[in-house]
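Visitor: return a 3D structure for these sequence lines:
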Amino acid sequence: MVCQLKELAVQLFDVGAVRLGDIEAKLGRRTPIYFDLRVVVSHPKIMMAIAQQLQILGSGIEYDILCGVPYAALPFAAVMSVNTNIPMIMKRKETKMYATKKILEGVFEKNQNCLVVEDVVTSGGSLLETVNTLRTEGLAVTHAVIVLEREQGGATVLSANGVQVKALFTMTELVKILRDAGRISEKTVEIVSDHIKECQFGMKDNFEQDTTPL
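Guide: Residues are numbered from 1 along each chain as shown. Model prediction:
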């Protein structure tokens, strides 16, 4: 599994899902590394590999249904659902204002265990917003599987709200893999490490959207 993850990290870099530079993030923040999994929808083999690795992460968790955080994680949740034959539901960005007026699309029952799928966790806000909606609709949520944990406080915020996060990569692990593969320099690793330490989020930030760039 370790070798597969290393190969996956390099593939993500090579297709542009990981980019470097002094990038403007949300709310005017700057970041030295950009992680955008939306491009993966154009690379089916990589999308399948991510879904399979997320399935492995979730193999020790009991769940009845899947839900991807909109929008970047939806393709991974869909592939996981097809691969495992476990039903999926979708959270809308906003409540449907006509007909059924649903916030969740799909079929589910109250008290089912829902595993949440996310691409990146930074402050934890986007994932927690989805978790709160699922809980309001009567589902039980205790775990989430994600691709990247940026180590900037989001996982701690989620844990404090009863959600344990399991990630394919931490930011530290990811940049070290890319350095060892010759994709980035040691200097870049140091810059990213410093950024992680300097840009930390807490409970007051947890409703900020995690969607990259950040």
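
Visitor: check what pLDDT the closest residue to Arg38 other than its chain neighbours gets.
Guide: Here the nearest residue to Arg38 in space, its sequence neighbours aside, is Ala72; by Cβ to Cβ, 6 or more residues apart in numbering that works out to 5.3 Å. C-beta here means a position set from N, CA and C on the backbone, and glycine is covered the same way. In this prediction, Ala72 carries a pLDDT score of 91.

Visitor: what helix or strand is Ala72 located in?
Guide: In this structure, Ala72 is located outside every helix and strand according to DSSP states H and E.

Visitor: that one reaches Asp119, doesn't it?
Guide: Yes - in this structure, Ala72 sits in contact with Asp119. The criterion is Cβ atoms under 8 Å, and the distance is 4.2 Å.

Visitor: of the two, who's got more company?
Guide: Counted by other Cβ atoms under 10 Å, Ala72 and Asp119 do not tie: Asp119 has more neighbours, with 27 against 24.

Visitor: from what I can see the more buried one touches Val147, true?
Guide: Yes - counting by Cβ under 8 Å, Val147 is a contact partner of Asp119 at 5.1 Å.

Visitor: what touches both of those two?
Guide: Residues touching both Asp119 and Val147 by Cβ atoms under 8 Å, 6 or more residues apart in numbering: Leu37, Phe76.

Visitor: what ranges do the strands span in this structure?
Guide: According to DSSP state E, the chain carries its strands in the segments 18-24, 30-35, 65-68, 88-91, 104-105, 114-121, 143-149, 164-170.

Visitor: most packed of those?
Guide: Comparing the strands of the chain by mean neighbour count (mean count of other Cβ atoms under 10 Å), strand 114-121 ranks first with a mean of 28.

Visitor: give the rounded mean pLDDT of that strand.
Guide: Model confidence over strand 114-121 averages 97 on the pLDDT scale.

Visitor: show me what it pairs with in its sheet, parallel or antiparallel.
Guide: Using DSSP bridges, the neighbouring strands of strand 114-121 in the sheet come out as strand 65-68 (parallel), strand 143-149 (parallel).

Visitor: nearest to Asn83, of the ones you listed?
Guide: Nearest of the strands paired with strand 114-121 to Asn83, taken as Cβ to Cβ: strand 65-68 at 10.5 Å.

Visitor: low pLDDT regions in the protein?
Guide: Scanning the chain for pLDDT under 70 picks out 23-29, 94-100, 203-214.

Visitor: sweet, I'm off.
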